[in-house]
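Undergrad: turn this into a structure:
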Amino acid sequence: MFANGYLNIVFSSVAVYVFIIIAIRLFGKKELSQLSVVDLVFILLISNAVQNAMVGSDSTLIGGLVAAGSLFIANYIFKLLLYKFPQLGRLIQGEPLMLIYKGKINQQNLAKAKFTMEELKEVVREHGVALLEDVDLAVLETDGNISIISNDFKHKTVKKRVPHKLNVQKQ
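TA: Numbering: from 1, shown residues only. The predicted model follows:
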């Protein structure tokens, strides 16, 4: 019974992990990079909601460590599979979406990403570009960040969004 209980925790933890990955994929990349207060509360509540599904009535230290260890191992294996099988990576993570090319907005990709024009303008301004027409290339990356290349493809910026809209710029 002892090992069976921990095997149940391992199975439940991995099942919850896979479910969360699928759910995040279904809700889109935009939510990954733009974590608002509502999103943060949602994540906290989800983690609380699935805790019992992972460990059941076992609230011991060992039960928690088994669940956490299972998640680390599942994450390692999952990343290894994504590395070894790029097709799986494209299926799970999607592909980058070109939002702007040479100042022209790709309306189809903008709609696919569920971005409004105001949100796109805000992101462009955050990259230090005043007008959409001045953007040579804007790409929604698979991690939810948006890369902007302007000034004839000479200046590239990537803004990572973190809670409270504190922006970190990479150049």
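Undergrad: contacts for stretch 116-123?
TA: Stretch 116-123 is contacted from outside by 99, 100, 105, 110, 132, 138, 146, 148, 159, using CB atoms under 8 Å, 6 or more residues apart in numbering. Placement of C-beta: from N, CA and C, glycine included.
Undergrad: could I have the CA atoms of that stretch written out in PDB?
TA: Output of stretch 116-123 as PDB, limited to C-alpha atoms (Å, rounded to 0.1, in the frame of the first residue of the first chain):
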ATOM      1  CA  THR A 116      -6.300  44.300 -30.700                       C
ATOM      2  CA  MET A 117      -4.900  47.200 -32.600                       C
ATOM      3  CA  GLU A 118      -4.500  49.200 -29.300                       C
ATOM      4  CA  GLU A 119      -2.500  46.300 -27.800                       C
ATOM      5  CA  LEU A 120      -0.300  46.100 -30.800                       C
ATOM      6  CA  LYS A 121       0.300  49.900 -30.800                       C
ATOM      7  CA  GLU A 122       1.200  49.700 -27.100                       C
ATOM      8  CA  VAL A 123       3.700  47.000 -27.700                       C
END
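Undergrad: what residues sit buried inside it?
TA: 120, 123 (16 or more other CB atoms under 10 Å).
Undergrad: do the same with stretch 51-65
TA: Within stretch 51-65, the residues that count as buried by 16+ other CB under 10 Å are 54, 55, 58, 63.
Undergrad: same check, this time on stretch 127-143
TA: The neighbour-count check on stretch 127-143 (16+ other CB under 10 Å) flags 127, 129, 132, 135, 136, 137, 138, 139, 140, 141, 142 as buried.
Undergrad: now do the same end-to-end measure for that stretch.
TA: 17 Å (CA to CA, to the nearest Å).
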